[in-house]
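**Student:** what's the 3D shape of this:
(one chain, ligands or ions: 1)
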Amino acid sequence: MTRKVLIVGNWKMNGSLAASRALVTALRAGAGAGAGAPATLLLCPPYVYLPAVREWLQGSPVGLGAQDLCDKAGAGAFTGEVSGAMLRDVGCSHVIVGHSERRALYGESDAVVAAKFQAAQQAGLVPILCVGETLEEREGGQTRAVIERQVKAVLDAAGVAALAKAVVAYEPVWAIGTGRTATPEQAQEVHAFIRGIVAARDATIAAGLSILYGGSVKGANARNLFTMNDIDGGLVGGASLAAAEFLEIFRAAG
Ligand code: PEP
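**Tutor:** Here you go, the predicted model:
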């Protein structure tokens with residue numbers, strides 16, 4: 001089965017209106033017309049820049065996503081939060097949930113991540129579910145247990161059918177923003193493990209599930225990662241802020 005290949009740029013809390021415009025302009029020009037492209041590019045800017053980025057992307061094949069959303073569906077008294085419906089309203093198709101920075105810095109539990117995953121789908125967004133172990137967990141031989149717990153929290157809450165309309169990103173915490181990338185073999189091993197967890201509930205859904213790798217992906221290491229059987233693209237932080245580097249990663253997926 002051929003799976004969708006996605007290259008996602010997570011801008012995190014970076015940029016300005018002017019810098020975002022320059023970046024989008026360069027990416028639009030470099031991404032080409034899109035027809036027949038082996039991979040899809042998706043940009044996840046900060047919330048406040050979403051409407052502007054949407055406008056700058058008009059007529060281009062580059063997609064728009066958000067970095068997070070409220071775990072509550074609908075509207076209401078949730079000061080500071082942004083709902084899935086609002087993200088749809090401003091043109092997002094995807095949303096990242098459970099990024100390790102949200103889990104570690106903002107205390108998001110597996111239950112909250114599962115609620116966000118479901119809120120995203122209720123709003124018609126495709127959640128990009130991030131999972132990954134810390135260095136301590138890897139060195140303690142806990143990688144599989146941690147990944148299994150994080151994936152099963154969503155499977156148990158949302159059901160396996162929900163994975164047919166989702167993307168998973170394996171992001172070892174020790175590789176995020178550190179310049180230390182997982183080797184293609186290390187990443188492949190965990191990607192295959194994730195696919196196996198889903199396959200135990202539904203083999204067809206598992207076979208069609210796009211699983212991205214994230215953690216210090218660069219132009220120089222992308223191709224070796226993307227050639228692995230179970231790696232279906234990348235979730236890119238730092239390198240997505242430099243147009244030439246991000247486009248090199250995009251081309252490596254071809
Ligand atoms: C990320 O934030 O999802 C990420 C993978 O960051 P970086 O590429 O900078 O490691």
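**Student:** Those residues of the stretch 1-150 of the chain touching the ligand, which are they?
**Tutor:** Counting by Cβ under 6 Å from any ligand atom, the stretch 1-150 of the chain comes close to the ligand at residue 10. Backbone N, C-alpha and C define where each C-beta goes, glycine included.
**Student:** Spell out the residue ranges of the helices in the stretch 1-150 of the chain.
**Tutor:** 17-31, 50-56, 84-89, 100-105, 110-122, 135-139, 143-158 (DSSP state H, counting those that start in this stretch).
**Student:** mind giving me JSON lines with those and columns for mean neighbour count?
**Tutor:** Putting the helices of the stretch 1-150 of the chain into JSON lines (neighbours: other Cβ atoms under 10 Å) gives the following:
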{"stretch": "helix 17-31", "mean neighbour count": "16"}
{"stretch": "helix 50-56", "mean neighbour count": "17"}
{"stretch": "helix 84-89", "mean neighbour count": "19"}
{"stretch": "helix 100-105", "mean neighbour count": "17"}
{"stretch": "helix 110-122", "mean neighbour count": "21"}
{"stretch": "helix 135-139", "mean neighbour count": "14"}
{"stretch": "helix 143-158", "mean neighbour count": "18"}
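**Student:** how about a markdown table for those helices, with mean pLDDT and distance to residue 72 added?
**Tutor:** Shown next, in a markdown table, are those (pLDDT from 0 to 100; distance: least, Cβ to Cβ, whole Å):
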| stretch | mean pLDDT | distance to residue 72 |
| --- | --- | --- |
| helix 17-31 | 96 | 28 |
| helix 50-56 | 98 | 19 |
| helix 84-89 | 98 | 9 |
| helix 100-105 | 98 | 16 |
| helix 110-122 | 98 | 7 |
| helix 135-139 | 95 | 30 |
| helix 143-158 | 98 | 15 |
